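Novice: the sequence and its predicted three-dimensional model are supplied below.
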Amino acid sequence: MSSITAVLQPSGDTVALRAIGPDDERPSVQTSWEDWGDVDPAAAPADLQRWAVEWTHQGRTVVAGHLSAHSVWYGPSPGSRAMNIGISLVEEARGRGVGSMAQQLLAEHLHERGIVRVEASTDVANTAEQAALRRAGFSLEGVLRQAQGRRDGQHDLQMWSHIRRP
């Protein structure tokens, strides 16, 4: 994948995804949702894939964040593989449709590669990301109780899915 681009309406801004490697620079994004505390080295998935989110706004292109995806297996068959995605955006790009479009573009790209289920989780209090996932075509499936530990303790997550349309 070289890059995937979409135009945001009505602003005319563009959002593009560009595959990046583990050593490529990513913008620093600081939010309470990403204050992990101690990180377990075993938590790094072997097949982590990353994309830069490039946003063109008022004629200027910036790397506004990054997306990641890793496999989640619900059985041993190829049709049992889902991809779990996550996004981080710089503050300037939030609330402008950039995150929704980027997540939609990535879900569609993964579907084109044969992935039936793309999933994303977010803190139950992160209403901005919940709205972004809804706009990106994801459906809320439920709550994962005490699923994520961060510096300030355990958190409940919402699970969202984007299913390939036949």
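Specialist: Happy to help now that I have it.

Novice: partner strands of the longest strand seen in the chain and their direction?
Specialist: Counting by DSSP state E, the longest strand found in the chain is strand 60-73. Pairing partners of strand 60-73, with direction, according to DSSP bridges: strand 49-57 (antiparallel), strand 81-89 (antiparallel).

Novice: could you export stretch 79-92 as PDB, CA atoms only?
Specialist: Once non-C-alpha atoms are left out, stretch 79-92 reads as follows in PDB (Å, rounded to 0.1, in the frame of the first residue of the first chain):
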ATOM      1  CA  GLY A  79     -11.600 -16.700   8.600                       C
ATOM      2  CA  SER A  80     -11.100 -16.500  12.400                       C
ATOM      3  CA  ARG A  81      -8.500 -13.700  12.100                       C
ATOM      4  CA  ALA A  82      -9.600 -10.200  13.000                       C
ATOM      5  CA  MET A  83      -7.500  -7.000  13.100                       C
ATOM      6  CA  ASN A  84      -7.700  -4.700  16.100                       C
ATOM      7  CA  ILE A  85      -6.900  -1.100  15.300                       C
ATOM      8  CA  GLY A  86      -5.900   1.900  17.400                       C
ATOM      9  CA  ILE A  87      -5.400   5.600  16.600                       C
ATOM     10  CA  SER A  88      -3.600   8.500  18.100                       C
ATOM     11  CA  LEU A  89      -4.100  12.100  16.800                       C
ATOM     12  CA  VAL A  90      -2.400  15.300  17.600                       C
ATOM     13  CA  GLU A  91      -4.700  17.800  19.300                       C
ATOM     14  CA  GLU A  92      -5.000  20.100  16.300                       C
END
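
Novice: pull the contacting residues for the residue nearest the centre of the chain.
Specialist: Centroid-nearest residue in the chain, with CA atoms, centre = their mean: G86, separated by 2.9 Å. Contact analysis of G86 by CB atoms under 8 Å, 6 or more residues apart in numbering lists 67-69, 120. (Each C-beta comes from the backbone N, C-alpha and C, glycine too.)

Novice: what's the answer for V124, then?
Specialist: 143, 155-158.

Novice: of those, which is the most crowded?
Specialist: Q158 (21 neighbours; other CB atoms under 10 Å).
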